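Visitor: 3D model of this:
(2 chains)
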Amino acid sequence: MTLALGLSTLVYPLAFVFRPLQPYLMDLVTLRNLVLAAALVSLAWPVHPSVLGLRGVGEALGRPRWQKGREV
Amino acid sequence: MSAKVRIGLILALFSAAEIALTLHLHEVDVQIYHQYAVAFLTPPRFRAWPQEYPGLAELLFVLPLAYPGSYRVAFALLTLFALTLLVVYGVRRSGDAWGVRLLWYLAVGSAGLLAQRYDIVAATVTYLGLDAARRGQWRRAWACLVIGVLLKGYPLVFWPLVAAAQRRERGRWPWLHLAAAVGAAAAGLALPDLTHPGAALNAWRYLAERSIEFESGPATVLYWFFASRFTSGYGSVNLSAGPVDHLVALGMLGVGLGVVGLAAWQVLRGRWPLMQAATLALGAVLLTSKVFSAQYLLGWLRWRPRHRST
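Guide: Numbering: from 1, shown residues only, chains lettered A, B, ... in the order given. The predicted structure follows:
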């Protein structure tokens, strides 16, 4: 998650330097924002981590580990 | 080689790399800090305050001018001092592995930015504040969070959570601490007005007026639901769909503040630990504000995993 967020900071200078890339970078950051939003929702409400493949993202954000249908 | 020596060596190497990056990969922010510092000390003195940052940040911008050499290097040294404080304190509190992990996170997450923005100073103060709250040292927690707000603004989202945690532990609302915190923050934020009437609201005015940065959550909404176009200004690439921009920004801000309220409520009820609620509140405000500032969340993630169970 840290790496993904860290790499996504590269979008900022890229959008400045390569203007034709802006729509594609917009798609990229939209996806990033959606994943982050979903991870935050999983932090608030402990859905099963297989939902949307959020296991790593949710736990990286501090969501309690899920085992056998309950939180530990 | 002991763990402490190893961490010291890693920190020294990391600091050397940051200085090298500072010299060869110029970030525009340091240049803006330098301009603010010079304008502040140019007659008539103490009248030119930062446009987009709270007044106390000016202190951090002026300090590096005392160094006789390059401003960039002096500013980098200031941020590395804050980082060293964070590492030393964090290692003492959370163990050697935490220190190594912190530096690793920094290397992959924000190596190019760390020594050229003052975020690490605000992040260190915020860390000290939340760690103090976690240990029930409320006075220290509030003091750090007030300084955090005076430097960068965003630690304000933690105030309701800390108040709720204190209410839960003590059985009564911390009115005295809240009043002292609000008073100190108001006095600090109003400081620029003493020399330049109206300057106290610079940062808030800037935030209200600026366009929606294209990486932000409101920009995602504009992109999906409205015919929008890319624009430039306020030091960023932005997205605009016309008059609806402000409505979307306000609506998203409302959502973010709603999540902060929900997090505080859950802390008050004892359902969420303080650190989990703080992560959610910060993430929500980060996603719903007009500018996406990944470095705030990155700063948080660096220390967050250690405190999972608290």
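
Visitor: Go through the top helix by length along chain A and flag the buried ones.
Guide: Among the segments of chain A that qualify as a helix by DSSP state H, the longest is helix A:22-44. Residues of helix A:22-44 classed as buried: A:22, A:25-26, A:28-30, A:32-33, A:35-44 (neighbour count, 16 or more other CB atoms under 10 Å in any protein chain shown). Heads up, the C-betas are built off the backbone N, CA and C, glycines and all.

Visitor: near chain B too, which of those residues?
Guide: A:22, A:25-26, A:29-30, A:33, A:36-37, A:39-40, A:43-44 (CB under 8 Å from any CB of the partner chain).

Visitor: packing partners for the longest helix of chain A?
Guide: Helix A:22-44 sits against helix A:2-8, helix A:11-17, helix A:55-60, helix B:217-225, helix B:244-268, helix B:274-288, with contacts defined as 3 or more CB pairs under 8 Å, 6 or more residues apart in numbering or on different chains; DSSP states H and E.

Visitor: tilt between that helix and helix B:274-288?
Guide: Counting by axes from the mean of the first three to the mean of the last three CA atoms, to 10 degrees, helix A:22-44 lies at 150 degrees to helix B:274-288.

Visitor: Restricting to C-alpha, output helix A:22-44 in PDB.
Guide: In PDB, the C-alpha atoms belonging to helix A:22-44 read as follows (Å, rounded to 0.1, in the frame of the first residue of the first chain):
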ATOM      1  CA  GLN A  22      -3.500  13.600 -18.400                       C
ATOM      2  CA  PRO A  23      -6.700  11.600 -19.300                       C
ATOM      3  CA  TYR A  24      -4.800   8.400 -18.800                       C
ATOM      4  CA  LEU A  25      -3.300   9.600 -15.500                       C
ATOM      5  CA  MET A  26      -6.800  10.600 -14.500                       C
ATOM      6  CA  ASP A  27      -8.000   7.000 -15.000                       C
ATOM      7  CA  LEU A  28      -5.100   5.800 -12.900                       C
ATOM      8  CA  VAL A  29      -5.800   8.100 -10.000                       C
ATOM      9  CA  THR A  30      -9.500   7.400 -10.200                       C
ATOM     10  CA  LEU A  31      -8.700   3.700  -9.800                       C
ATOM     11  CA  ARG A  32      -6.300   4.500  -6.900                       C
ATOM     12  CA  ASN A  33      -9.000   6.600  -5.200                       C
ATOM     13  CA  LEU A  34     -11.600   3.800  -5.600                       C
ATOM     14  CA  VAL A  35      -9.200   1.200  -4.100                       C
ATOM     15  CA  LEU A  36      -8.400   3.600  -1.200                       C
ATOM     16  CA  ALA A  37     -12.100   4.300  -0.600                       C
ATOM     17  CA  ALA A  38     -12.900   0.500  -0.600                       C
ATOM     18  CA  ALA A  39     -10.000  -0.100   1.800                       C
ATOM     19  CA  LEU A  40     -11.300   2.600   4.200                       C
ATOM     20  CA  VAL A  41     -14.700   1.000   4.100                       C
ATOM     21  CA  SER A  42     -13.200  -2.400   4.900                       C
ATOM     22  CA  LEU A  43     -11.400  -0.700   7.800                       C
ATOM     23  CA  ALA A  44     -14.700   0.600   9.100                       C
END
